[in-house]
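*Asks:* below are the sequence and a predicted model for it; my questions follow.
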Amino acid sequence: MGEIKVGIIMGSQSDWPTMKEAANILDELGVSYEKRIVSAHRTPDRLWDYGKTAVERGLQVIIAGAGGAAHLPGMMASKTRVPVVGVPIQTRALSGVDSLYSIVQMPKGFPVATMAIGSAGGANAGLMAAGILALQDDELAQRLDAWRTALSASIAQEPEG
Ligand code: RP5
């Protein structure tokens with residue numbers, strides 16, 4: 001799998017089931033990654049250190065998931081030029097709309113590529129990261145193309161029942 005180029009970070013252990021969707025996709029595609037709990041509110045120094053060292057450590061994409069007052073993806077984007085893919089975690093109180101709005105509405109200059117709320121967003125974050133890396137990795141590009149072809153082939157022509 002080689003050098004780790006993808007960081008999966010999340011605000012809490014409770015975010016892991018959603019963020020594991022991204023990890024599962026990366027596993028399927030043979031992309032190595034690291035996973036860390038990095039909370040904007042509970043461990044701000046950890047966030048700062050992670051962002052400060054991301055480039056020198058060779059990270060090329062950071063997938064960041066958080067819920068509620070979801071400041072982690074945006075703060076990470078403010079600290080590193082490594083592209084940040086944001087995953088809004090589905091929350092109980094506001095169904096994840098709070099997370100989505102917290103992540104998507106960044107000021108000009110510090111973008112976060114924001115995915116859908118919840119598990120689809122987690123999986124798509126993995127695919128987005130793979131697509132970015134595939135721009136410079138022909139073998140990964142082939143695996144990603146095959147993955148997409150297999151998904152298309154799995155869709156029935158007609159509904160059952
Ligand atoms: C956020 O608060 C986390 O990203 C998580 O989605 C949410 C709730 O965290 P826990 O109270 O479950 O640890 O920072």
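*Replies:* Received the coordinates, thanks.
*Asks:* up against the ligand, what does this protein have?
*Replies:* Taking C-beta under 6 Å from any ligand atom, the part of the chain that reaches the ligand is made up of 11-12, 14-15, 39, 41, 66-68, 89. Backbone N, C-alpha and C define where each C-beta goes, glycine included.
*Asks:* out of those, which are buried?
*Replies:* Buried members of the residues of the chain next to the ligand, scored by 16 or more other C-beta atoms under 10 Å, are 11-12, 15, 39, 66-68, 89.
*Asks:* for Ala116, helix, strand, or coil?
*Replies:* Of the three states, Ala116 takes coil under DSSP: H, G, I helix; E, B strand; the rest coil.
*Asks:* name the element the closest residue to it other than its chain neighbours belongs to?
*Replies:* Using C-beta to C-beta, 6 or more residues apart in numbering and skipping residues adjacent in sequence, the residue nearest Ala116 is Asn124, 6.4 Å away. Asn124 is part of helix 119-134 when elements are defined by DSSP states H and E.
*Asks:* put the alpha carbons of that helix into PDB.
*Replies:* In PDB, the C-alpha atoms belonging to helix 119-134 read as follows (Å, rounded to 0.1, in the frame of the first residue of the first chain):
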ATOM      1  CA  SER A 119     -23.100   7.300   5.500                       C
ATOM      2  CA  ALA A 120     -23.400   8.200   1.700                       C
ATOM      3  CA  GLY A 121     -21.200  11.200   2.400                       C
ATOM      4  CA  GLY A 122     -18.700   9.000   4.300                       C
ATOM      5  CA  ALA A 123     -18.400   6.600   1.400                       C
ATOM      6  CA  ASN A 124     -18.300   9.400  -1.200                       C
ATOM      7  CA  ALA A 125     -15.500  11.000   0.700                       C
ATOM      8  CA  GLY A 126     -13.400   7.800   0.300                       C
ATOM      9  CA  LEU A 127     -14.200   7.800  -3.500                       C
ATOM     10  CA  MET A 128     -13.400  11.500  -3.700                       C
ATOM     11  CA  ALA A 129     -10.000  11.000  -2.000                       C
ATOM     12  CA  ALA A 130      -9.300   8.000  -4.300                       C
ATOM     13  CA  GLY A 131     -10.200  10.100  -7.400                       C
ATOM     14  CA  ILE A 132      -7.800  12.800  -6.400                       C
ATOM     15  CA  LEU A 133      -5.000  10.400  -5.800                       C
ATOM     16  CA  ALA A 134      -5.800   8.500  -9.100                       C
END
